[in-house]
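*Asks:* Show me the folded form of this:
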Amino acid sequence: MLRLGPIDELARQPETHLTEQKILLRFDGKGFSAMSTACTYDLSALFRIEAPEAPRWGSSYSESTYANDGSVLHGPAKASLPFFELRSAKDFYYAPSEILYVKVGEEVPSTWRLPFPSQLRPTQVSETVDR
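*Replies:* The predicted structure is shown next:
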């Protein structure tokens, strides 16, 4: 399991690319999701390609490209980017706030979400996301 950081901080942006962990964390009205940003062909770190039609992800080694939803656009990669299960832990290792973790290897459907913790009021969530 990889530690991603405090939930309240990670909820401030709709997307956070954690390059060292090779994880793209997304936060929307349904909660958090985590997509791998490691090429499914050679496990190299992917980089974001800003394109007029839509952002993509690319590998500088295999030249594989992926859509922003993780599906393969160009090979040699054949498999889409996996989404991983997320967990939260309050005061885990004496943390000052609730911490978000990703279970790399525990794949979930791309529609799966970890709901935002219930102790925060919905207005706090929307205020945080709007920043």
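*Asks:* contacts and neighbour counts: CA atoms only from here.
*Replies:* Noted.
*Asks:* contacts for the longest strand along the chain?
*Replies:* Under DSSP state E, the strand in the chain containing the largest number of residues is strand 99-108. Residues outside strand 99-108 that contact it (C-alpha atoms under 8 Å, 6 or more residues apart in numbering) are 1-7, 34, 82-92.
*Asks:* Take those and keep only those in helices.
*Replies:* Using DSSP state H, the subset of those located in helices is residue 7.
*Asks:* Please, a ChimeraX command that selects the buried ones among the contacts of strand 99-108?
*Replies:* The ChimeraX selection below is limited to those of the contacts of strand 99-108 classed as buried (16 or more other C-alpha atoms under 10 Å):
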select :4,6,7,34,82,83,84,85,86,87,88
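*Asks:* For stretch 5-13, output the C-alpha coordinates as PDB.
*Replies:* C-alpha atoms of stretch 5-13 as PDB (Å, rounded to 0.1, in the frame of the first residue of the first chain):
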ATOM      1  CA  GLY A   5      -1.200  12.100   1.500                       C
ATOM      2  CA  PRO A   6      -3.900  14.000   3.600                       C
ATOM      3  CA  ILE A   7      -7.300  13.700   2.100                       C
ATOM      4  CA  ASP A   8      -8.200  17.300   2.800                       C
ATOM      5  CA  GLU A   9      -5.200  18.500   0.700                       C
ATOM      6  CA  LEU A  10      -5.700  16.000  -2.100                       C
ATOM      7  CA  ALA A  11      -9.400  17.000  -2.500                       C
ATOM      8  CA  ARG A  12      -8.400  20.600  -3.400                       C
ATOM      9  CA  GLN A  13      -7.700  19.700  -7.000                       C
END
